[in-house]
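Asker: With the sequence up front, the predicted model follows.
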Amino acid sequence: MTTTTPAIAAPAAGQPLAPTTIVRRDLRPDDVLIDVAFAGICHSDIHQAKEDWGTAIFPMVPGHEIAGVVAAVGSGVTKYQVGDRVGVGCMVDSCGECEYCLAGVEQSCLKGNVPTYNGVGYDGENTYGGYSRQVVVKDHFVCRVPDGLGLDIAAPLLCAGITTYSPLRQWHVGPGKKVAVVGLGGLGHLGVKLAVAMGAEVTVLSQSLKKQEDGLKLGAKDYYATGDEATFDVLRGRFDVILNTVSAKLPIDAYLSLLRVGGAMVNVGAPGEPLSYNAFSLLGGNKILAGSGIGGMRETQEMLDFCAEHGIGAEIETITADQVNTAYERVENSDVRYRFVIDAATIGA
Ligand code: NAP
Ligand code: ZN
(Lines give C-alpha, C1' and ligand atoms only; values in the text may rest on other atoms or scores of the structure.)
(Ligands and ions follow the chains in the order given, each with its own letter.)
Protein backbone atom coordinates (compact mmCIF):
# COMPACT_ATOMS: atom_id res chain seq x y z
CA MET A 1 0.00 0.00 0.00
CA THR A 2 1.46 3.37 -1.01
CA THR A 3 1.72 5.83 1.87
CA THR A 4 1.14 9.58 1.63
CA THR A 5 3.10 11.40 4.27
CA PRO A 6 3.49 15.04 5.36
CA ALA A 7 6.93 16.49 4.71
CA ILE A 8 8.88 19.75 4.52
CA ALA A 9 10.39 20.62 1.16
CA ALA A 10 12.51 23.28 -0.52
CA PRO A 11 10.51 24.08 -3.71
CA ALA A 12 13.57 25.46 -5.55
CA ALA A 13 17.23 26.32 -4.92
CA GLY A 14 17.63 28.78 -2.06
CA GLN A 15 13.88 29.03 -1.42
CA PRO A 16 12.47 28.68 2.11
CA LEU A 17 11.27 25.21 3.03
CA ALA A 18 7.50 24.76 3.26
CA PRO A 19 5.02 22.02 4.22
CA THR A 20 4.00 19.54 1.53
CA THR A 21 3.01 15.89 1.17
CA ILE A 22 4.93 13.13 -0.56
CA VAL A 23 4.24 9.54 -1.52
CA ARG A 24 6.30 6.66 -0.14
CA ARG A 25 6.50 3.51 -2.27
CA ASP A 26 4.70 0.22 -1.60
CA LEU A 27 6.83 -2.01 0.60
CA ARG A 28 9.06 -4.34 -1.37
CA PRO A 29 10.04 -7.64 0.29
CA ASP A 30 13.24 -6.10 1.73
CA ASP A 31 11.75 -2.72 2.73
CA VAL A 32 11.17 -1.22 6.16
CA LEU A 33 8.53 1.47 6.79
CA ILE A 34 9.71 3.81 9.53
CA ASP A 35 7.69 6.32 11.56
CA VAL A 36 10.24 9.12 11.79
CA ALA A 37 10.61 10.49 15.32
CA PHE A 38 13.46 12.97 14.79
CA ALA A 39 15.44 14.28 11.82
CA GLY A 40 18.72 16.15 12.32
CA ILE A 41 19.63 19.23 10.28
CA CYS A 42 23.06 18.68 8.72
CA HIS A 43 24.92 21.51 7.00
CA SER A 44 24.90 19.26 3.92
CA ASP A 45 21.10 19.77 3.81
CA ILE A 46 21.72 23.49 3.48
CA HIS A 47 24.50 23.11 0.89
CA GLN A 48 22.19 21.00 -1.27
CA ALA A 49 19.05 23.11 -0.79
CA LYS A 50 21.12 26.11 -1.94
CA GLU A 51 22.83 24.17 -4.77
CA ASP A 52 26.30 24.91 -3.30
CA TRP A 53 27.42 21.55 -4.73
CA GLY A 54 25.84 21.96 -8.17
CA THR A 55 22.45 21.26 -9.70
CA ALA A 56 20.04 19.55 -7.35
CA ILE A 57 16.61 17.93 -7.63
CA PHE A 58 13.54 19.95 -6.53
CA PRO A 59 11.26 19.86 -4.73
CA MET A 60 13.79 18.63 -2.17
CA VAL A 61 12.88 16.97 1.13
CA PRO A 62 16.23 17.03 2.94
CA GLY A 63 17.18 14.91 5.94
CA HIS A 64 19.72 12.13 6.28
CA GLU A 65 19.92 11.92 10.06
CA ILE A 66 16.79 9.92 10.71
CA ALA A 67 15.75 8.10 13.87
CA GLY A 68 12.39 6.44 14.37
CA VAL A 69 10.38 3.31 14.98
CA VAL A 70 9.58 0.49 12.55
CA ALA A 71 5.91 0.67 11.51
CA ALA A 72 5.84 -2.23 9.01
CA VAL A 73 8.24 -4.57 7.25
CA GLY A 74 8.27 -6.26 3.84
CA SER A 75 7.65 -10.00 3.55
CA GLY A 76 11.36 -10.88 3.36
CA VAL A 77 12.64 -8.75 6.24
CA THR A 78 13.94 -10.80 9.17
CA LYS A 79 16.30 -8.34 10.84
CA TYR A 80 13.66 -5.84 12.00
CA GLN A 81 10.22 -6.04 13.53
CA VAL A 82 7.43 -3.55 14.08
CA GLY A 83 8.35 -1.43 17.12
CA ASP A 84 12.13 -1.63 16.70
CA ARG A 85 14.10 1.60 17.21
CA VAL A 86 16.09 2.33 14.06
CA GLY A 87 18.07 4.93 12.16
CA VAL A 88 18.83 5.84 8.56
CA GLY A 89 21.77 7.90 7.34
CA CYS A 90 23.00 9.32 4.05
CA MET A 91 22.35 6.45 1.65
CA VAL A 92 19.46 4.12 0.93
CA ASP A 93 20.82 1.77 -1.74
CA SER A 94 23.99 0.55 -3.46
CA CYS A 95 24.72 -2.23 -5.96
CA GLY A 96 25.62 -4.77 -3.26
CA GLU A 97 27.98 -6.59 -5.64
CA CYS A 98 31.05 -4.47 -6.35
CA GLU A 99 34.28 -4.86 -4.40
CA TYR A 100 33.47 -1.87 -2.19
CA CYS A 101 29.92 -2.98 -1.35
CA LEU A 102 31.28 -6.44 -0.54
CA ALA A 103 33.91 -4.81 1.70
CA GLY A 104 31.17 -2.92 3.59
CA VAL A 105 32.04 0.52 2.25
CA GLU A 106 28.80 1.02 0.34
CA GLN A 107 29.41 4.78 0.23
CA SER A 108 32.08 4.03 -2.40
CA CYS A 109 29.86 1.71 -4.50
CA LEU A 110 31.09 1.60 -8.10
CA LYS A 111 27.56 1.88 -9.47
CA GLY A 112 27.04 4.85 -7.15
CA ASN A 113 25.20 4.73 -3.85
CA VAL A 114 21.69 6.19 -3.81
CA PRO A 115 21.58 9.24 -1.52
CA THR A 116 18.71 9.42 0.97
CA TYR A 117 17.44 12.57 -0.79
CA ASN A 118 18.44 14.66 -3.81
CA GLY A 119 19.12 11.36 -5.53
CA VAL A 120 17.54 8.98 -8.00
CA GLY A 121 16.96 5.36 -6.98
CA TYR A 122 17.90 2.44 -9.22
CA ASP A 123 14.15 2.30 -9.98
CA GLY A 124 14.35 5.78 -11.53
CA GLU A 125 12.36 7.44 -8.74
CA ASN A 126 13.61 10.54 -6.91
CA THR A 127 14.52 10.03 -3.27
CA TYR A 128 13.08 12.16 -0.46
CA GLY A 129 14.68 12.43 2.97
CA GLY A 130 13.83 12.47 6.62
CA TYR A 131 12.05 15.81 7.07
CA SER A 132 8.85 13.79 6.85
CA ARG A 133 6.56 11.65 9.01
CA GLN A 134 7.42 8.34 7.35
CA VAL A 135 10.16 6.89 5.20
CA VAL A 136 10.58 3.57 3.34
CA VAL A 137 14.12 2.17 3.23
CA LYS A 138 15.73 -1.10 2.11
CA ASP A 139 16.62 -3.12 5.25
CA HIS A 140 20.37 -3.19 4.55
CA PHE A 141 20.47 0.60 4.93
CA VAL A 142 18.65 0.64 8.27
CA CYS A 143 20.63 0.56 11.54
CA ARG A 144 19.51 -0.42 15.00
CA VAL A 145 19.51 2.36 17.61
CA PRO A 146 20.77 0.68 20.79
CA ASP A 147 18.64 0.80 23.95
CA GLY A 148 19.73 3.64 26.16
CA LEU A 149 20.30 6.08 23.30
CA GLY A 150 17.36 8.48 22.96
CA LEU A 151 16.08 8.74 19.39
CA ASP A 152 16.51 12.53 19.50
CA ILE A 153 20.20 12.48 20.46
CA ALA A 154 20.80 9.45 18.21
CA ALA A 155 19.45 10.98 14.99
CA PRO A 156 22.54 13.19 14.32
CA LEU A 157 24.82 10.19 14.80
CA LEU A 158 23.54 8.77 11.50
CA CYS A 159 25.51 11.39 9.55
CA ALA A 160 27.56 13.62 11.87
CA GLY A 161 28.47 10.65 14.08
CA ILE A 162 29.65 8.25 11.39
CA THR A 163 31.34 11.01 9.36
CA THR A 164 33.63 11.79 12.29
CA TYR A 165 33.93 8.25 13.71
CA SER A 166 35.14 6.69 10.46
CA PRO A 167 38.20 8.93 9.84
CA LEU A 168 39.14 8.87 13.54
CA ARG A 169 39.29 5.06 13.25
CA GLN A 170 41.03 5.11 9.86
CA TRP A 171 43.77 7.39 11.21
CA HIS A 172 44.23 5.33 14.40
CA VAL A 173 43.11 7.93 16.89
CA GLY A 174 43.57 6.64 20.42
CA PRO A 175 45.68 6.94 23.55
CA GLY A 176 48.90 8.91 23.04
CA LYS A 177 47.55 10.72 19.95
CA LYS A 178 47.05 14.48 19.78
CA VAL A 179 44.01 15.36 17.71
CA ALA A 180 42.69 18.76 16.64
CA VAL A 181 39.06 19.19 15.64
CA VAL A 182 38.52 22.27 13.48
CA GLY A 183 35.02 23.81 13.77
CA LEU A 184 32.76 23.16 16.75
CA GLY A 185 29.46 22.59 14.97
CA GLY A 186 27.35 19.47 14.40
CA LEU A 187 30.18 17.27 13.15
CA GLY A 188 32.86 18.93 15.24
CA HIS A 189 31.22 18.48 18.64
CA LEU A 190 30.70 14.77 17.95
CA GLY A 191 34.27 14.53 16.64
CA VAL A 192 35.44 15.88 20.01
CA LYS A 193 33.29 13.47 22.04
CA LEU A 194 34.32 10.46 19.93
CA ALA A 195 38.05 11.24 19.88
CA VAL A 196 37.99 11.77 23.66
CA ALA A 197 36.17 8.44 24.13
CA MET A 198 38.81 6.77 21.96
CA GLY A 199 41.43 8.01 24.42
CA ALA A 200 43.07 10.82 22.44
CA GLU A 201 44.12 14.25 23.70
CA VAL A 202 41.78 16.63 21.89
CA THR A 203 42.14 20.33 21.02
CA VAL A 204 39.34 22.40 19.51
CA LEU A 205 40.25 24.97 16.87
CA SER A 206 37.30 27.35 16.59
CA GLN A 207 36.97 30.77 14.98
CA SER A 208 36.69 32.41 18.41
CA LEU A 209 36.65 31.50 22.10
CA LYS A 210 32.85 31.93 22.33
CA LYS A 211 32.22 28.20 22.78
CA GLN A 212 35.34 27.44 24.83
CA GLU A 213 33.46 26.42 27.98
CA ASP A 214 31.35 23.97 25.97
CA GLY A 215 34.38 22.53 24.19
CA LEU A 216 36.13 21.79 27.46
CA LYS A 217 32.94 20.23 28.87
CA LEU A 218 32.81 17.93 25.85
CA GLY A 219 36.21 16.64 26.95
CA ALA A 220 38.69 18.74 24.97
CA LYS A 221 41.93 19.49 26.80
CA ASP A 222 42.66 22.72 24.93
CA TYR A 223 40.70 25.26 22.95
CA TYR A 224 42.18 27.89 20.63
CA ALA A 225 40.76 30.67 18.45
CA THR A 226 41.88 30.47 14.83
CA GLY A 227 40.96 34.14 14.48
CA ASP A 228 44.05 34.83 16.61
CA GLU A 229 47.16 34.47 14.43
CA ALA A 230 49.33 33.64 17.44
CA THR A 231 47.44 30.30 17.64
CA PHE A 232 49.27 29.05 14.56
CA ASP A 233 52.67 29.83 16.12
CA VAL A 234 51.83 28.28 19.47
CA LEU A 235 50.52 25.04 17.98
CA ARG A 236 53.07 24.52 15.20
CA GLY A 237 53.98 20.83 14.72
CA ARG A 238 51.70 19.62 17.52
CA PHE A 239 49.05 17.27 16.08
CA ASP A 240 49.02 13.68 14.81
CA VAL A 241 45.61 14.17 13.24
CA ILE A 242 43.58 17.25 12.31
CA LEU A 243 39.91 16.65 11.56
CA ASN A 244 38.57 19.56 9.50
CA THR A 245 34.78 19.81 9.83
CA VAL A 246 34.45 23.35 8.49
CA SER A 247 31.72 24.07 5.95
CA ALA A 248 33.66 26.93 4.33
CA LYS A 249 37.01 27.40 2.61
CA LEU A 250 40.02 27.32 4.98
CA PRO A 251 43.68 28.32 4.51
CA ILE A 252 44.91 24.71 4.34
CA ASP A 253 48.65 25.52 4.48
CA ALA A 254 48.27 27.19 7.88
CA TYR A 255 46.59 24.07 9.27
CA LEU A 256 49.14 21.69 7.71
CA SER A 257 51.84 23.59 9.63
CA LEU A 258 50.19 22.36 12.85
CA LEU A 259 50.84 18.68 12.00
CA ARG A 260 53.69 16.62 13.39
CA VAL A 261 55.99 14.93 10.87
CA GLY A 262 53.92 12.22 9.15
CA GLY A 263 50.67 13.62 10.54
CA ALA A 264 47.37 13.65 8.65
CA MET A 265 44.83 16.37 8.05
CA VAL A 266 41.48 14.84 7.12
CA ASN A 267 38.82 16.97 5.46
CA VAL A 268 35.24 16.05 6.09
CA GLY A 269 33.92 19.57 5.61
CA ALA A 270 32.44 19.97 2.13
CA PRO A 271 32.44 23.61 0.99
CA GLY A 272 31.26 24.32 -2.55
CA GLU A 273 34.50 26.14 -3.38
CA PRO A 274 37.77 24.29 -4.08
CA LEU A 275 40.42 24.09 -1.36
CA SER A 276 44.05 24.64 -2.29
CA TYR A 277 47.45 24.02 -0.73
CA ASN A 278 51.13 24.56 -1.45
CA ALA A 279 53.05 21.35 -2.29
CA PHE A 280 55.79 22.33 0.17
CA SER A 281 53.29 22.26 3.05
CA LEU A 282 53.07 18.49 2.57
CA LEU A 283 56.54 17.49 1.45
CA GLY A 284 58.27 19.26 4.28
CA GLY A 285 57.41 16.78 7.03
CA ASN A 286 55.93 13.95 4.92
CA LYS A 287 52.41 15.06 5.75
CA ILE A 288 49.14 13.64 4.55
CA LEU A 289 46.11 15.57 3.30
CA ALA A 290 43.13 13.23 3.20
CA GLY A 291 39.37 13.18 2.93
CA SER A 292 36.60 11.01 4.28
CA GLY A 293 32.97 10.57 3.26
CA ILE A 294 30.34 9.25 5.70
CA GLY A 295 30.91 5.52 6.42
CA GLY A 296 29.66 2.06 5.47
CA MET A 297 26.67 0.32 7.04
CA ARG A 298 28.71 -2.06 9.18
CA GLU A 299 30.80 0.78 10.57
CA THR A 300 27.70 2.93 11.13
CA GLN A 301 26.22 0.21 13.35
CA GLU A 302 29.60 -0.15 15.10
CA MET A 303 29.60 3.63 15.74
CA LEU A 304 26.06 3.53 17.21
CA ASP A 305 27.07 0.67 19.51
CA PHE A 306 30.25 2.55 20.51
CA CYS A 307 28.17 5.65 21.30
CA ALA A 308 25.74 3.65 23.45
CA GLU A 309 28.62 2.02 25.29
CA HIS A 310 30.27 5.39 25.98
CA GLY A 311 27.07 7.35 26.63
CA ILE A 312 27.59 9.56 23.59
CA GLY A 313 24.72 11.36 21.90
CA ALA A 314 24.50 14.68 20.10
CA GLU A 315 23.97 17.94 22.00
CA ILE A 316 20.69 19.00 20.46
CA GLU A 317 18.17 21.79 20.20
CA THR A 318 14.81 20.25 19.28
CA ILE A 319 12.67 22.37 16.96
CA THR A 320 9.25 22.22 15.36
CA ALA A 321 8.69 21.99 11.61
CA ASP A 322 7.91 25.70 11.28
CA GLN A 323 11.30 26.64 12.75
CA VAL A 324 13.38 24.94 10.05
CA ASN A 325 14.17 28.05 7.99
CA THR A 326 15.33 29.96 11.08
CA ALA A 327 17.45 26.96 12.07
CA TYR A 328 19.08 26.98 8.61
CA GLU A 329 20.04 30.64 9.08
CA ARG A 330 21.46 29.94 12.51
CA VAL A 331 23.55 27.00 11.23
CA GLU A 332 24.93 29.24 8.48
CA ASN A 333 25.92 31.79 11.14
CA SER A 334 27.72 29.12 13.24
CA ASP A 335 24.99 29.71 15.85
CA VAL A 336 24.08 26.12 16.66
CA ARG A 337 24.76 24.25 19.90
CA TYR A 338 25.25 21.79 18.44
CA ARG A 339 22.64 20.13 16.24
CA PHE A 340 19.08 21.11 15.40
CA VAL A 341 16.74 18.14 15.44
CA ILE A 342 13.23 18.38 13.99
CA ASP A 343 10.47 16.75 16.05
CA ALA A 344 8.79 14.85 13.20
CA ALA A 345 5.44 14.79 15.03
CA THR A 346 5.19 18.52 14.22
CA ILE A 347 5.48 17.95 10.46
CA GLY A 348 2.02 18.37 8.94
CA ALA A 349 0.51 18.75 12.42
P1 NAP B 1 28.00 23.12 11.11
O2 NAP B 1 27.20 22.58 12.23
O3 NAP B 1 27.57 24.39 10.45
O4 NAP B 1 29.52 23.26 11.64
C5 NAP B 1 30.53 23.82 10.87
C6 NAP B 1 31.44 24.64 11.79
O7 NAP B 1 32.51 25.15 11.00
C8 NAP B 1 30.79 25.85 12.40
O9 NAP B 1 30.08 25.58 13.56
C10 NAP B 1 32.00 26.74 12.67
O11 NAP B 1 32.62 26.31 13.89
C12 NAP B 1 32.94 26.39 11.53
N13 NAP B 1 32.90 27.40 10.46
C14 NAP B 1 31.82 27.80 9.73
N15 NAP B 1 32.16 28.74 8.84
C16 NAP B 1 33.49 28.96 9.00
C17 NAP B 1 34.44 29.81 8.36
N18 NAP B 1 34.06 30.65 7.37
N19 NAP B 1 35.72 29.75 8.77
C20 NAP B 1 36.10 28.92 9.77
N21 NAP B 1 35.24 28.10 10.42
C22 NAP B 1 33.96 28.11 10.03
O23 NAP B 1 28.10 22.07 9.92
P24 NAP B 1 28.13 20.47 9.99
O25 NAP B 1 26.76 19.96 9.82
O26 NAP B 1 28.96 20.07 11.12
O27 NAP B 1 28.89 20.15 8.61
C28 NAP B 1 30.21 20.62 8.40
C29 NAP B 1 30.64 20.36 6.97
O30 NAP B 1 30.80 18.95 6.80
C31 NAP B 1 29.66 20.80 5.91
O32 NAP B 1 30.37 21.31 4.80
C33 NAP B 1 28.95 19.52 5.52
O34 NAP B 1 28.43 19.53 4.24
C35 NAP B 1 30.11 18.55 5.63
N36 NAP B 1 29.73 17.14 5.77
C37 NAP B 1 30.53 16.24 5.17
C38 NAP B 1 30.26 14.89 5.31
C39 NAP B 1 31.17 13.89 4.72
O40 NAP B 1 30.76 12.77 4.46
N41 NAP B 1 32.44 14.21 4.54
C42 NAP B 1 29.15 14.48 6.04
C43 NAP B 1 28.37 15.43 6.66
C44 NAP B 1 28.66 16.78 6.52
P45 NAP B 1 33.28 27.38 14.89
O46 NAP B 1 32.20 28.35 15.22
O47 NAP B 1 33.70 26.53 16.04
O48 NAP B 1 34.44 28.01 14.19
ZN1 ZN C 1 25.04 15.06 6.84
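Answerer: Thanks, I have it. Ligands and ions are numbered 1, 2, ... in the order given.

Asker: Could you tell me how many residues sit around the residue of the stretch 1-150 of the chain found nearest ligand 2?
Answerer: As assessed by C-beta to the ion, ligand 2 sits closest to Cys42 within the stretch 1-150 of the chain, at 3.0 Å. Any C-beta I mention is one placed from the backbone N, CA and C, and that applies to glycine too. Applying other C-beta atoms under 10 Å, we find 28 residues neighbouring Cys42.

Asker: Lys177 now?
Answerer: Neighbour tally, Lys177, other C-beta under 10 Å: 20.

Asker: The one 3 residues further on now?
Answerer: Residue neighbour count, defined by other C-beta under 10 Å, stands at 27 for Ala180.

Asker: just checking, it touches Thr245?
Answerer: No: using C-beta atoms under 8 Å, Ala180 makes no contact with Thr245, being 10.7 Å away.

Asker: and the nearest residue to the residue of the stretch 1-150 of the chain closest to ligand 2 once chain neighbours are set aside, how many neighbours does it have?
Answerer: Once flanking residues are discounted, Cys42 sits nearest to Cys159: 5.0 Å by C-beta to C-beta, 6 or more residues apart in numbering. Cys159 has 30 neighbouring residues, counting by other C-beta under 10 Å.

Asker: Also Ile46?
Answerer: Ile46: 18 neighbours (other C-beta under 10 Å).

Asker: Quick check: closest non-adjacent residue to it.
Answerer: Using C-beta to C-beta, 6+ apart, the closest residue to Ile46 is Tyr328 (5.4 Å).

Asker: so which strand or helix has that neighbour?
Answerer: helix 324-332 (DSSP states H and E).

Asker: does any part of the next helix or strand after that helix sit near ligand 1?
Answerer: Using DSSP H and E, the helix or strand that follows helix 324-332 in sequence is strand 339-343. No: Strand 339-343 lies out of reach of ligand 1 by C-beta under 6 Å from any ligand atom, never closer than 7.0 Å.

Asker: Contacts for strand 339-343, please.
Answerer: With contact meaning C-beta atoms under 8 Å, 6 or more residues apart in numbering, strand 339-343 is reached by 8, 37-41, 63, 65, 131, 152, 155-156, 160, 186, 189, 314-321, 324, 327, 330-331.
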